[in-house]
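K.L.:
all I have is the shape, not the residue letters:
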């Protein structure tokens with residue numbers, strides 16, 4: 001996989017995992033009364049996993065930026 005493609009994939013992954021985390025936060029904390037206990041537990045687990053995958057995507061983004069000679073942000 002080329003480095004520009006890896007950078008693009010990492011950026012898209014970060015956005016996707018951020019949206020998933022926000023959705024899980026909304027359901028787990030703001031819609032807690034209207035969903036089942038199992039769904040609430042699932043949303044809490046989803047929140048932890050999506051946060052970990054977001055961080056992994058960020059590390060991949062940093063690696064791609066480094067290989068392309070771009071400033072690390």
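P.N.:
All right, it came through fine. Predicted, not measured: the structure shown is a model, and the values here were computed from it. Numbers count the residues shown, from 1 in each chain.

K.L.:
element containing the most centrally placed residue in the chain?
P.N.:
Centroid-nearest residue in the chain, with Cα atoms, centre = their mean: residue 17, separated by 2.5 Å. Per DSSP states H and E, residue 17 falls inside helix 3-25.

K.L.:
swap in residue 66?
P.N.:
Applying DSSP H and E, one finds residue 66 within helix 37-68.

K.L.:
what residues does stretch 50-67 touch?
P.N.:
Contacts to stretch 50-67, defined as Cβ atoms under 8 Å, 6 or more residues apart in numbering, come from residues 3-4, 6-7, 9-11, 13-14, 17-18, 20-21, 24, 71-73. Glycine gets a C-beta too; all of them are placed from N, C-alpha and C.

K.L.:
picking up where we left off before, could you find the closest non-adjacent residue to the residue nearest to the centre of the chain?
P.N.:
Nearest residue to residue 17, sequence neighbours excluded (Cβ to Cβ, 6 or more residues apart in numbering): residue 54, at 4.0 Å.
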